[in-house]
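*Asks:* next input, structure requested:
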Amino acid sequence: MAKTIRLTMAQALLRFLDNQYISMDGQEQKFVKGVMGIFGHGNVTGMGEALEHFQGELTYIQGKNEQGMAHAAIAYAKQKNRLEIFACTSSIGPGALNMVTAAGTATVNRIPVLFLPGDIFACRQPDPVLQQIENPADYTISSNDAFKPVSKYWDRITRPEQLMTAALNAMRVLTDPVDTGAVTLALPQDVQSEAYDYPAEFFEKRVHFVERRALSAAALARAAEAIRKKARPLIIAGGGVHYSLATAELIRFAEEFGIPVAETQAGKSAVPWDHPLQVGSIGVTGSLAANRLAKEADLIIGVGTRLTDFPTSSKTAFQNPDVEFISINVSTYDALKMNGKAVVADAKEALVAIAGTLRQAEYKSSYSTEAIAALKKEWDEEVDRVCSVERAEGLSQMLALGEINRFLGEKDIIVAAAGSLPGDLHRLWRCKAAKTYHMEYGFSCMGYEVSGAFGVKMASPDQEVYAVCGDGSYLMLHSELVTSIQEGQKFTILLFDNNGFGCIHNLQRGHGSEGFGNEFRYRSEQTNRLTGEYMQIDFASHARSMGAKAYTAHTLEELRAALQQAKEETVTTLIDIKVLPGTCSSGYESWWRLGVAEVSASEKVQAAYKTMNKQIEIAKKM
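*Replies:* Next up, the predicted model:
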């Protein structure tokens, strides 16, 4: 008779998670680091009891906001190249729904996170319970159904034995380079506490192998032939370069065949900024060098990128009438974008294989070393210029970023996500080492920055970590600052205070508006609108009230001093950087499509609509 172990469903789930391993390139490691959670009536007596008495190696982290802790879990997994994860548990109702935004963030960015929200009673005996949503047309619906569209796998465990099927499917998705993202197991609060005689083999060590997908002979032939026919190819490096651990192979490929490399937000830091073939960021937030090369390129070689509207400048970046696309990606879905020739394979495997064939053919691009160097020199000088302009009226955002970039060490990590800072950082930030640029730009989720920095610090404890965020993002979500102090995980928050949602304010004004609803101003008695004086918020005092160290910088000298003091602190530190509104960088020969009002009382909006329409017509011809 097979041996069984009697456990509650929650106890069994933890025991299962504690024995999951992942293996890539022969390197085996534990896959689940621990559980982040906030307890409520939907999970405290089930998952809470199981965690309290758990004797394994899972670490429990107490979150302060369900979305915040889940963002920390995303950042941890991203920094670990998706080879180690946290699970996140919550109560039912609001606690669960707070994690839905984070689940969307995980799925869009292809980052594995296991969500374990509590759910209503499966037995229905006490229904309707506190925080239960009652749908008269479908009584099976609860708050957790909101996770369905943002999860790569979703299940509701209504009997304890169902855990065995659900847990295996969860691991299948979480460890799959193509299908990974948010996995949600909705856990009814009564079922969490129900016992079952689980087969002992369910808890045995299980290793999940990340197999590098090799390039097929036919795909290799197609890719090599397509490259051989082209004289001016451009590589666009995406996040898949990092997840494939293929940065060295990418650099060798570019060097051997003389192909310049541009980077997406997720791919940035794959190639050091000062490498002769590194031409900077691409697209809407791109560099002058990369965007000029993109216009003339006759071949775009995408490596591990989704080719969204930002790197493609809403599909207008590539203007050579003979341009073609090759996309190296483990996902067929992504590889087919921009009508590209799909090279469905692991990035590292594909680059090595294609290089071998091109080497035999003695292929070289037609770029001259001098031409690439001239473009790169022009762009480097432009970065130096915009990051050194001083203003008599105060500190500009670009001047502050330039000073910070010079101060940080080569291995220091920056974390960002939303507002005008991602544009400036993508264009202007200079990375020397891989994995030192952590940008969540798949969802560009405001509030990710502080929580993300906490997760990155846990993943890279020996490196200095800096959250780079605006005042708008900080006000939205800063709860895990407290958790970082609780856990002794120090990082530094660089808060750029520009008195509002500056990025969208600039975008709004750039399309005909006089500015509405985006600045942090008092309501005016005269206009009954938010057009009064700017609100003056002391973010440094706010951070100190939660136990952090904090400094305020109005000038370059104060910023330099604060950076040095923050580096010497041993707890999470915030620098409140008061910058002039509207002093971010603008686009360099790029375009981003927005929906501008076709009818408006404003002549400026009417003009902006006509300009946008002209760009759309140009885009249609490409």
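
*Asks:* ok, now which ones touch residue 612?
*Replies:* Residue 612 makes contacts with 511, 593-594, 596, as judged by Cβ atoms under 8 Å, 6 or more residues apart in numbering. No exception for glycine: its C-beta is placed from N, CA and C like everyone else's.

*Asks:* quick check: pLDDT value at it.
*Replies:* With respect to pLDDT, residue 612 has a value of 87.

*Asks:* of the contacts of residue 612, closest to residue 498?
*Replies:* residue 511 (19.2 Å; Cβ to Cβ).

*Asks:* now name the helix or strand holding the closest residue to that closest one other than its chain neighbours.
*Replies:* In space, and not counting its chain neighbours, residue 511 is closest to residue 608: 4.4 Å by Cβ to Cβ, 6 or more residues apart in numbering. Element membership for residue 608, per DSSP states H and E: helix 603-620.

*Asks:* any idea how far that helix is from the chain center?
*Replies:* Centroid separation for helix 603-620 versus its chain: 31 Å, with Cα atoms, centre = their mean, to the nearest Å.

*Asks:* using PDB, list the CA coordinates for it.
*Replies:* In PDB, the C-alpha atoms belonging to helix 603-620 read as follows (Å, rounded to 0.1, in the frame of the first residue of the first chain):
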ATOM      1  CA  GLU A 603      -7.200  75.300 -31.800                       C
ATOM      2  CA  LYS A 604      -4.000  73.800 -30.300                       C
ATOM      3  CA  VAL A 605      -5.700  70.400 -30.000                       C
ATOM      4  CA  GLN A 606      -7.000  70.700 -33.500                       C
ATOM      5  CA  ALA A 607      -3.500  71.400 -34.800                       C
ATOM      6  CA  ALA A 608      -2.100  68.500 -32.800                       C
ATOM      7  CA  TYR A 609      -4.800  66.200 -34.300                       C
ATOM      8  CA  LYS A 610      -3.800  67.200 -37.900                       C
ATOM      9  CA  THR A 611      -0.100  66.600 -37.100                       C
ATOM     10  CA  MET A 612      -0.900  63.200 -35.600                       C
ATOM     11  CA  ASN A 613      -3.000  62.300 -38.600                       C
ATOM     12  CA  LYS A 614      -0.100  63.100 -41.000                       C
ATOM     13  CA  GLN A 615       2.100  60.800 -39.000                       C
ATOM     14  CA  ILE A 616      -0.500  58.000 -39.100                       C
ATOM     15  CA  GLU A 617      -0.600  58.300 -42.900                       C
ATOM     16  CA  ILE A 618       3.100  58.100 -43.100                       C
ATOM     17  CA  ALA A 619       3.100  55.100 -40.800                       C
ATOM     18  CA  LYS A 620       0.500  53.300 -43.000                       C
END
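
*Asks:* list the contacts of the residue nearest to residue 511.
*Replies:* By Cβ under 8 Å, 6+ apart, the residues touching residue 608 are 510-512, 596.

*Asks:* buried subset of those residues?
*Replies:* Neighbour-count burial (16 or more other Cβ atoms under 10 Å) applied to the contacts of residue 608 gives 511-512, 596.

*Asks:* give me the lowest-pLDDT entry from those residues.
*Replies:* residue 512 (82).

*Asks:* that residue and residue 594: what is the separation?
*Replies:* For residue 512, the distance to residue 594 (Cβ to Cβ, to the nearest Å) stands at 11 Å.

*Asks:* okay, residue 563: pLDDT?
*Replies:* Note for residue 563: predicted pLDDT of 98.

*Asks:* okay, now it: neighbour count?
*Replies:* Using other Cβ atoms under 10 Å, residue 563 has 22 neighbouring residues.

*Asks:* surely it and residue 577 touch.
*Replies:* No: at 9.9 Å, residue 563 does not count as touching residue 577 under the criterion of Cβ atoms under 8 Å.
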